[in-house]
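Participant: Compute the structure for the input listed below.
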Amino acid sequence: MTSTTNEDARPGVTKFQFIALMAMLMATNAISIDIMLPGLQQIGASLGVASENERQYIITAYLLGMGVAQLFFGPLSDRFGRKPPLIAGLALYALCALAIAIVPSFGLMLALRFVQGAGAAATRVITISIVRDVYGGRQMAEVMSLVMMVFMIVPVVAPSIGQLIISLADWHMIFVVVALYAVMNIAIVVSKLGETLDPAHRRAFTPAVILSGFRIVLTNRVSLLYTLATSVILGALFGFINSAQQVLVGVYDLGVWFPLVFAAFASMMAVASFTNSRLVRRFGMRPLSHAALIGFTLASFVWMSASLYAPLPFPVFVVLYCATMFQFGLIAPNFNAMAMEPLGHVAGTASSVLGFMQTIGGSVIGAFIGQSFDGTATPLATGYFTVAAIGLVFVLIAERGKLFKPHHQPAG
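Facilitator: Below is the predicted model of the structure:
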């Protein structure tokens, strides 16, 4: 595989500004989820939701909307360029956030969260497409690692912001803040970001062309299998996000300390993403991510085994969970880069199909893990090990049983 770079495709911004903007766009989804975690109990009480597990649907509805809409934003961005669909998606997201701030019922809340997630799909699909327009190969993995590092600052600070908001006002104000964040991103995209799609790569927006692009993606063995591996591993992360408030507050009785501990976990992924950005050019995506996947599997196996034996003391839980999250920070940017690398000529469509599979697959798995919550952390630990083992199988098939191959060797 060859590595391509087209830094002239990001007119108007420096490399540092480019990475910061991509991280801010990617963080749109983290903002929508993490800032509201401290307020889930208050939201449920306000809208008459009695079951703790039912409150998780506020997150699941958003993820499902984001997953489905990615199928459309990718082809749209391949036809009309990256900026117009991105701005439209952010505008829809902001309007839904404002509507949620005055929502009268739980059912309408879920419907609006689904549509809000659909708008946010633009940020997920088009951000990755923009990065692929500008960078390829190990350089793309390096840039995505830096984007993920900045992006992971959001889960560090967002729950604390949410906690602050509900201590000064009520949960409705959280969504006003979310809307303002989207409006700020629209202003920056309009004023600072140039169009990155090469006119020669524009594709007609017709069913035949879209299906052709999907066929290109789904018939590429390496892209498909790395996407499936990412999907199941994302399911573990979504499972934790769904049940984080129940585990950390309900099981371990952290109370107002919940945002701080959640921030510590997110920090592990940020540190891992930065580490990956420093090491990936030297060692390559496959050696780093394959070693991390094995580490993720072993750490989650130890966590599951210990949880099945006896309830874990909080310090032990923290150590084992941090170990898995550090590995996740090495896996995600490399797996995404390897899945996208052969598909630069259909980057928008490719990003949408891969994003659809990852988000829908991850959200369904995450919902299953979250709904398995039984008052202990054991279902979460079991879910982590299960998805790690399945992900390892997908990678072994992708690499024909040979892990750690240098990136310059063909995988197919």
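Participant: and residue 252, backbone torsions?
Facilitator: phi -100, psi 0 (degrees, to the nearest 10).
Participant: burial measure for it, as a count.
Facilitator: Residues contacting residue 252 under the criterion other CB atoms under 10 Å number 17. Heads up, the C-betas are built off the backbone N, CA and C, glycines and all.
Participant: same check, this time on residue 185
Facilitator: For residue 185, using other CB under 10 Å, the count is 22.
Participant: how close does it sit to residue 26?
Facilitator: 11 Å (CB to CB, to the nearest Å).
Participant: which residues are common contacts for these two?
Facilitator: Shared contacts of residue 185 and residue 26 (CB atoms under 8 Å, 6 or more residues apart in numbering): residue 123.
Participant: The lowest-mean-pLDDT helix or strand in the chain packs against which elements?
Facilitator: Counting by mean pLDDT, DSSP states H and E, the weakest-scoring helix or strand in the chain turns out to be helix 137-151, with a mean of 73. Helix 137-151 is packed against helix 15-34, helix 106-134, helix 258-283, helix 314-340, with contacts defined by 3 or more CB pairs under 8 Å, 6 or more residues apart in numbering; DSSP states H and E.
Participant: looking at those, which is buried most?
Facilitator: helix 106-134 (a mean of 24; mean count of other CB atoms under 10 Å).
Participant: For that helix, which helices and strands make contact with it?
Facilitator: helix 15-34, helix 57-80, helix 83-100, helix 137-151, helix 314-340, helix 347-371.
Participant: lowest-confidence stretch among those helices?
Facilitator: Here the lowest mean pLDDT among the helices and strands packed on helix 106-134 goes to helix 137-151, at a mean of 73.
Participant: Please put the alpha-carbon coordinates of that helix into CSV.
Facilitator: C-alpha atoms of helix 137-151 as CSV (Å, rounded to 0.1, in the frame of the first residue of the first chain):
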residue,chain,number,x,y,z
GLY,A,137,-1.1,5.6,5.3
ARG,A,138,0.9,6.1,8.5
GLN,A,139,0.5,9.8,8.2
MET,A,140,-3.2,9.4,8.4
ALA,A,141,-2.9,7.2,11.4
GLU,A,142,-0.6,9.8,13.1
VAL,A,143,-3.0,12.6,12.4
MET,A,144,-6.0,10.5,13.5
SER,A,145,-4.2,9.7,16.7
LEU,A,146,-3.6,13.4,17.4
VAL,A,147,-7.3,14.1,16.5
MET,A,148,-8.3,11.4,18.9
MET,A,149,-6.0,12.7,21.6
VAL,A,150,-7.6,16.1,21.5
PHE,A,151,-11.0,14.5,21.0
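Participant: roughly how far is that helix from the heart of the chain?
Facilitator: Relative to the centre of its chain, helix 137-151 is centred 13 Å away, using CA atoms, centre = their mean, to the nearest Å.
Participant: And for that helix, what's in contact with it?
Facilitator: With contacts defined as CB under 8 Å, 6+ apart, helix 137-151 is touched by 1-5, 19-20, 22-24, 26-27, 30, 127-128, 131-132, 134-135, 269-270, 273-274, 276-277, 280-281, 284-285, 329, 332-334, 336-338, 340-341, 407.
Participant: any idea of the angle it forms with helix 258-283?
Facilitator: Counting by axes from the mean of the first three to the mean of the last three CA atoms, to 10 degrees, helix 137-151 lies at 160 degrees to helix 258-283.
Participant: Packing partners of the helix or strand following helix 137-151?
Facilitator: Going down the chain from helix 137-151, the next helix or strand is helix 153-168, by DSSP states H and E. With contacts taken as 3+ CB pairs under 8 Å, 6+ apart, helix 153-168 sits against helix 15-34, helix 172-192, helix 258-283.
Participant: Those helices: which one's closest to residue 93?
Facilitator: Residue 93 lies closest to helix 172-192 among the helices and strands packed on helix 153-168, at 5.0 Å (CB to CB).
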